[in-house]
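A.B. asks: Quick one, fold the following:
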Amino acid sequence: MGWWASWSSGSGQDPEDRSTPPSDSSHTEEKPKNRWLWPSSTDSDRAARAASSQTGVDWNSKLNAFDWKQFTEPRNLIPNVLLTGGILFVVYVHQRFLRRVPEATAISPADFRKRSLLGQVTSVGDGDNFRLYHTPGGRLVGWGWLPWMKVPTDKKELKDRTIHIRLAGIDAPELSHFGRPAQPYAHEAHQWLTSYLLNRRVRAHIHRVDQYKRVIATVYVRNMLDFPPFRRRDVSLEMLKRGLATIYEAKSGVEFGGEENERAYRAAEQDAKQRGRGLWKDKNFESPREYKIRMGIEYPLDGGHQNKNSEGTLSTLTRWLTPSRDAPRKRGQKER
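C.D. replies: So this is what the prediction gives:
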């Protein structure tokens, strides 16, 4: 009965209870729970704060500072250079080759004698000039077959959207304008040029702008049915060969597009004269230059003034509306 005495003496431990081992002083310290192999975020934050407090680093300025060194690294520098270069190249190609020129006044002076315009002929006004709708890039970029890249056919849509082109180096017979009669072979030249160019794609090598805001250009056209196929033909040269135009002769403003073109044009005109083609069938034919002088449209090559009996309608109206400079002086002399 000794065991009962020990239990009843006030001991708080059941002598028969063996579920809990007797406490030992070496096991009184508790072990940390959920311990991982790497420190937690709170531990790293505490370590960072402790380090900053010891070294005195201002973390606000450190985090807000911009590190420019990252742009000098090859992994960042090379892609940026390639991307910027690609964008600049696309912009250059668009401005140089794919930007549409709506009319003659939009052509940069730096482009003359250096650039050509590809487009479709929308109308033919005379035997040596027509209207061109600029289509940069042609069919390769979608002109003619993409729905949003169609050449307009309505005159209202074409207004202020075409370039007035004058063929370089030639002068075709004049049609009737402002009450003046048409020249012989003027309709033949106009009909031939209309059938040869209307609604066709041509390439115009631009030279300069004349006094009528027209772009003087050497125009080339290709025809699939030509021999050999798609042979490039100079429109001005073809008209001279057929006797439908003459060499452009004027006191100023003559443009052939180069000495080589001028020699070819003069040889073609001389050959048409000898063969009696077109307007050269008539030995008494009045050239477009002579016709303009007689009608008062232009002055002779020697710079002399035209005869009053041969003044045209336009020059007569100008003389009536513009008083002579000598009129006040003569009037004063008579009063004296």
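A.B. asks: switch to C-alpha atoms for all contacts and neighbour counts from now on
C.D. replies: OK.
A.B. asks: In this structure residue 224 contacts residue 201, no?
C.D. replies: No - counting by Cα atoms under 8 Å, residue 224 stays clear of residue 201, with 12.0 Å between them.
A.B. asks: between the two, who's got more neighbours?
C.D. replies: Between residue 224 and residue 201, residue 201 has the larger neighbour count (other Cα atoms under 10 Å), namely 21 against 9.
A.B. asks: Give me the spatial nearest neighbour of the more buried one, chain neighbours excluded.
C.D. replies: Nearest residue to residue 201 in three dimensions, chain neighbours excluded: residue 120, at 4.3 Å (Cα to Cα, 6 or more residues apart in numbering).
A.B. asks: Check residue 240 too.
C.D. replies: Once flanking residues are discounted, residue 240 sits nearest to residue 269: 5.4 Å by Cα to Cα, 6+ apart.
A.B. asks: Quick one: classify that neighbour as helix, strand or coil.
C.D. replies: Secondary structure, DSSP: H, G, I helix; E, B strand; the rest coil: residue 269 is helix.
A.B. asks: List the contacts of it.
C.D. replies: Residues near residue 269 by Cα atoms under 8 Å, 6 or more residues apart in numbering: 240-241, 243, 246-247.
A.B. asks: Just the element for residue 187, please.
C.D. replies: In this assignment (DSSP states H and E), residue 187 forms part of helix 186-197.
A.B. asks: show me the contacts for residue 233.
C.D. replies: 220-222 are the contacts of residue 233 under Cα under 8 Å, 6+ apart.
A.B. asks: In helices, which of the residues you listed fall?
C.D. replies: Using DSSP state H, no member of the contacts of residue 233 falls in helices.
A.B. asks: Give me the lowest-pLDDT entry from those residues.
C.D. replies: Lowest in pLDDT among the contacts of residue 233 is residue 222, which has 93.
A.B. asks: before we move on, back to that, JSON lines please, covering the contacts of residue 233 and showing distance to residue 235 and neighbour count.
C.D. replies: Below are these laid out as JSON lines (distance: Cα to Cα, whole Å; neighbours: other Cα atoms under 10 Å):
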{"residue": "220", "distance to residue 235": "6", "neighbour count": "19"}
{"residue": "221", "distance to residue 235": "7", "neighbour count": "17"}
{"residue": "222", "distance to residue 235": "10", "neighbour count": "16"}
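A.B. asks: Which of those residues fall within strands?
C.D. replies: Within these, residues falling in strands by DSSP state E are 220-222.
A.B. asks: With respect to residue 291, which of these is nearest?
C.D. replies: residue 220 (28.1 Å; Cα to Cα).
A.B. asks: Pretty sure the closest one sits against residue 237.
C.D. replies: No - under the criterion of Cα under 8 Å, residue 220 makes no contact with residue 237, lying 9.8 Å away.
A.B. asks: that older thread, residue 152: which of the ones in strands among the contacts of residue 233 is nearest?
C.D. replies: residue 221 (20.6 Å).
A.B. asks: Export stretch 156-167 to PDB, keeping only CA atoms.
C.D. replies: The C-alpha coordinates for stretch 156-167 follow below in PDB (Å, rounded to 0.1, in the frame of the first residue of the first chain):
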ATOM      1  CA  LYS A 156     -15.500  65.300-109.000                       C
ATOM      2  CA  GLU A 157     -13.300  62.800-107.200                       C
ATOM      3  CA  LEU A 158     -10.400  63.500-109.500                       C
ATOM      4  CA  LYS A 159     -10.500  67.300-108.900                       C
ATOM      5  CA  ASP A 160      -7.200  68.600-107.400                       C
ATOM      6  CA  ARG A 161      -5.900  65.000-107.300                       C
ATOM      7  CA  THR A 162      -4.100  64.700-110.600                       C
ATOM      8  CA  ILE A 163      -0.900  66.000-112.100                       C
ATOM      9  CA  HIS A 164      -0.900  68.000-115.300                       C
ATOM     10  CA  ILE A 165       1.900  66.500-117.500                       C
ATOM     11  CA  ARG A 166       3.300  68.000-120.600                       C
ATOM     12  CA  LEU A 167       5.400  65.900-122.900                       C
END
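A.B. asks: Show residues contacting that stretch.
C.D. replies: With contact meaning Cα under 8 Å, 6+ apart, stretch 156-167 is reached by 102-104, 128-134, 152, 213-219, 235-236.
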